[in-house]
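1. no letters, just coordinates:
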């Protein structure tokens with residue numbers, strides 16, 4: 001997290017199961033790279049809370065259309081799967097999501113309470 005251009009908090013995360021390189025199509029198990037917006041929330045997710053990332057953007061849509069594939073979607077920052085909170089930080093030992101960004105349940109609670117909708121998120125390789 002940044003405040004006035006300074007890092008105030010960082011998180012170790014688990015990414016998509018195929019994390020190297022940008023997301024190019026649905027089902028590639030990659031996490032999108034680039035600048036997006038945290039645009040909505042789901043308090044009743046299959047994970048312990050989730051915040052939606054605005055992927056695909058217009059560039060992603062055009063690139064997927066040019067390749068004749070679906071860009072995918074439903075990309076979130078989320079906690080652990082419901083009932084698996086006990087896994088805690090060890091979930092980061094392996095990239096396991098379908099293209100999302102996973103943090104611990106405690107961390108998603110903190111992000112949920114501090115970061116408002118409309119906040120930009122930059123996802124870098």
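-> Alright, I've got the coordinates. Source: prediction; values computed, not measured.
2. how about the strands in this protein?
-> 2-3, 6-7, 34-42, 50-53, 76-78, 101-102, 119-123 (DSSP state E).
3. turn those into CSV, columns for mean pLDDT, mean neighbour count and distance to residue 94.
-> Quick note: C-beta positions are derived from backbone N, CA and C, even for glycine. Below are the strands of the chain laid out as CSV (pLDDT from 0 to 100; neighbours: other C-beta atoms under 10 Å; distance: least, C-beta to C-beta, whole Å):
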stretch, mean pLDDT, mean neighbour count, distance to residue 94
strand 2-3, 70, 10, 28
strand 6-7, 78, 8, 26
strand 34-42, 96, 15, 24
strand 50-53, 98, 23, 20
strand 76-78, 97, 24, 16
strand 101-102, 97, 24, 11
strand 119-123, 92, 14, 19
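4. indicate which one of these is closest to residue 16.
-> strand 101-102 (8.7 Å; C-beta to C-beta).
5. so which of the strands of the chain is nearest residue 87?
-> Here strand 101-102 is closest among these (C-beta to C-beta), at 10.2 Å.
6. give me the contact list for that closest one.
-> 13-15, 31, 47, 53, 76-80, 91-92, 96, 123 (C-beta atoms under 8 Å, 6 or more residues apart in numbering).
7. how about 6 Å then?
-> 13-14, 77-78 (C-beta atoms under 6 Å, 6 or more residues apart in numbering).
8. same check, this time on stretch 59-75
-> 25-26, 32, 53, 55-56, 99-100.
9. swap in stretch 47-55?
-> 32, 36-43, 75-81, 105, 108, 112.
10. one more: stretch 105-123?
-> Under C-beta under 6 Å, 6+ apart, the answer for stretch 105-123 is 11, 32-33, 35-39, 48-49, 79-80, 85.
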